[in-house]
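A.B. asks: Sequence unavailable; structure follows:
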């Protein structure tokens, strides 16, 4: 009991810490609104030319609001933090702490993300309602699976970022890896639904983990159907498990190497 | 004048040498920018794949053309004048002193003192697009280069004006960031996706229209009137921003900006 | 003609008063409240060519404001000002060609490049021709012993090497007037000494006028002939360093540790406080009346001394002493 409690405390502290950066939050609000407005204009122009695969205009705007929401809310510095700690060698000190580093980072991110989700959730809802009106296809029954899907999105993204951060042990310049990861996320779900991709690429995307961070929750949100929803969530869960296992394993291998080789 | 050209060259060489000290990071960052740009091109490729023809009056090739200008223009601006983005910091921390202590033109001294690594990737990216899609078209290249020039000048001017607000209000880096963000977003999408009121801004306050969309128009349907208006507008805008900066600098010289540190 | 001449120089900052809270910030956008801060008040000062002047005062006394006005970075609110015959406000660029500055932690050098590259840039800025530049760099690198690391990126240099490059950079254009703002801050004793000798040599051989601020009494003692003390924007004292030395700077603090308790200690010429039950004593000595060698001799003759350290009293205390005495007179 005590063991899990300390991670709850870490999360709470990081929550209140994030609360202190109100100006930064305000500026990110501006950018979020700006992005939504611009992409909305863009999709409006595209829909004027013809209809697009399976999503109507209102749905695509809400899709965007959701993916950007995930993007902004999950924006924590976990990659930078870990990268710095690995490169400066200060990660070695984690060995003498009574917390598990991977869990510590998770709890730390969770606190920030919780605050982000609350703030951006409100902004996203208001923006959507004002810009395109309510999303008729969404019902209260869709809420629990959506929240579950969002949880998996956050975890999957977090463990991926940790893995890339840990790669600093072997790669001199792992920032490239981070960029590739980020752009793959953009292309395979954040900018547009996987259904829009050419069929051959869509097939590939569905079998890669990247689309399950943005596409899955947004699709569950705007085109809710019980069957596809649980299939998506199952896949999200599976990828999350895999990423988490890999993160714990990599961390252990890295730390063992550190103890033997010494920094 | 001759002296300032010499200083300009010297800054460029030193900046490049400084960047090459970290070769690995230099290439990663340039690569990162190219990758980031590609993800947008990918978006357009998918969108045009769904729709075909034109979106808001622009064909896929048109979009590639404005992308090429915007990317190389931004790249050029940040290769040569990256320090403009740190102007707020220089003002707030009082580091502007160093530039004021030296016997040459203050504005030039500030602008040229820093380069940005990813900018090299941006700069090259536009040329790569041009080589792939417009290699055998000299007119396309001419207006592309003209666009890069104006775009580079205007983005620097927009940034300069935005950061100049720090002379008046203290920390105004958010205005700088927003101005950059607006300039970019007005440059990389067909202009007709925006409402008429927004388009008015694109030809006045944030002149992305002159920087990027006019060169495309000149390439497809040339007219002397448009060309001269664009050139005149750009020069006027640049001069106005320079004037605004020097007016703000007066406040620094008379000591207001430093008060925060007392 | 004096190198620096100011008459009733005054600087008032107008600063915005902002109250806490979002509402107050919002109101301030439309209706700002202003408050005047008097940074420099009515300073009249004259410095002749070839002088080395120390400018001393506590933090926030107006030292930086005054120097910045002399360089043309800040414009005075009132009074007259001429530096090397120029008006810093109107002829900043002409003036800049003829003055050199080392401003505390602000570096003129490019961190990632060899100092030599920075010299090339500075030469372009200060209108020095290529042949002239090569000659001066050779000269300075000999004088400052920079040869071994002129090609090394600045970030890899030790602090001492870096500051030597920094001072050399500020001398590249042979300035007639040199402003040094805390030039030896953070350096070890040996490097400090080297820097001081370089400044002195420059002053002797080239007649360069030096205007210096420092928190290190030794800087002032060893470099300057004249000291100007300022507080709250007003000159409190303008005197010869020799006089300052006998009155304030000559004081040394000798800390002595003993192997066996020494409850009573009497040494002529020293003010003694015994601490730690006689195992430690602090002697305050005025070296102008009692040479430090005498004190050492007496102490070592006692036979039970384990450790001796000699310190300058901190600048803040010296200034406080000056204020006390000036107020009394």
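C.D. replies: Arrived safely, thanks for sending. Keep in mind that what you see is a predicted model, and the values were worked out from it rather than measured.
A.B. asks: For the rest of this, base every contact and every neighbour count on C-alpha atoms.
C.D. replies: Noted.
A.B. asks: On the three-state scheme, the closest residue to residue C:72 other than its chain neighbours is what?
C.D. replies: If you skip the residues right next to it in sequence, residue C:72 has residue C:88 as its closest partner in space, 4.4 Å away by C-alpha to C-alpha, 6 or more residues apart in numbering or on different chains. Under DSSP: H, G, I helix; E, B strand; the rest coil, residue C:88 falls in the coil class.
A.B. asks: Confirm that residue C:257 sits in a strand.
C.D. replies: Yes. With three-state DSSP as the criterion, residue C:257 is located in a strand.
A.B. asks: in the sheet, who's paired with it?
C.D. replies: Per DSSP bridges, the residues bridged to residue C:257 are residue C:280, residue C:307.
A.B. asks: before we move on, the earlier item: please report the distance of the residue nearest to residue C:72 from residue B:68.
C.D. replies: 47 Å (C-alpha to C-alpha, to the nearest Å).
A.B. asks: Hmm, the residue nearest to residue C:72 is touching residue C:71, no?
C.D. replies: Yes. Residue C:88 sits in contact with residue C:71 when judged by C-alpha atoms under 8 Å, with a separation of 6.1 Å.
A.B. asks: Overlap in contacts, these two.
C.D. replies: Contact criterion C-alpha atoms under 8 Å, 6 or more residues apart in numbering or on different chains; residues shared by residue C:88 and residue C:71: residue C:95.
A.B. asks: Got the phi and psi for residue A:24?
C.D. replies: phi -60, psi -40 (degrees, to the nearest 10).
A.B. asks: The residue nearest to the spatial centre of chain B: what's it in contact with?
C.D. replies: Compute the mean C-alpha point of chain B, and by C-alpha atoms, centre = their mean the closest residue is residue B:155, 3.1 Å away. Residue B:155 makes contacts with B:74, B:77, B:180, B:183, as judged by C-alpha under 8 Å, 6+ apart.
A.B. asks: Out of these, which two sit at the greatest distance?
C.D. replies: Considering C-alpha to C-alpha, no two members of the contacts of residue B:155 lie farther apart than B:77 and B:183, which are separated by 12.7 Å.
A.B. asks: what does chain B have sitting close to chain A?
C.D. replies: Residues of chain B that fall close to chain A, judged by C-alpha under 8 Å from any C-alpha of the partner chain: B:24-25, B:28-29, B:31-32, B:35-36, B:39, B:42-43, B:46-47, B:49-51, B:54-56, B:174, B:178, B:185, B:189, B:193-194.
A.B. asks: More neighbours: which of residue C:88 and residue B:68?
C.D. replies: Set residue C:88 next to residue B:68 and count neighbours by other C-alpha atoms under 10 Å in any protein chain shown: residue B:68 wins out with 28 against 24.
A.B. asks: Show me which helix or strand of chain C is least confident by mean pLDDT.
C.D. replies: Sorted by mean pLDDT, DSSP states H and E, the helices and strands of chain C end with helix C:22-30, the least confident at a mean of 61.
A.B. asks: Near the residue nearest to residue A:197 when sequence neighbours are not counted, how many other residues are there?
C.D. replies: What sits nearest to residue A:197 in space, not counting adjacent residues and going by C-alpha to C-alpha, 6+ apart, is residue B:46, at 6.1 Å. Around residue B:46 sit 17 other residues, with neighbours defined as other C-alpha under 10 Å.
A.B. asks: tell me which element residue B:46 is part of?
C.D. replies: helix B:23-51 (DSSP states H and E).
A.B. asks: do the same with residue B:174
C.D. replies: Assigning secondary structure by DSSP H and E places residue B:174 in helix B:173-187.
A.B. asks: picking that back up, do you know how far the residue nearest to the centre of chain B is from residue B:40?
C.D. replies: Going from residue B:155 to residue B:40 by C-alpha to C-alpha gives 20 Å.
A.B. asks: Can you list the low-confidence ranges for the chain?
C.D. replies: With no chain named, the answer covers chain A. For chain A, residues meeting the criterion pLDDT under 70 lie at A:1-2, A:20-21, A:76, A:95, A:259-263.
A.B. asks: Switch to chain C, please.
C.D. replies: C:16-33, C:104-105, C:249, C:329.
A.B. asks: do chain B as well
C.D. replies: Using pLDDT under 70 as the threshold, the predicted model of chain B has low-confidence ranges B:255-262.
A.B. asks: Show the residue spans covered by the helices in it.
C.D. replies: Ranges of helices within chain B are B:2-20, B:23-51, B:60-81, B:87-93, B:96-100, B:106-111, B:117-134, B:138-169, B:173-187, B:196-202, B:208, B:214-220, B:224-253, based on DSSP state H.
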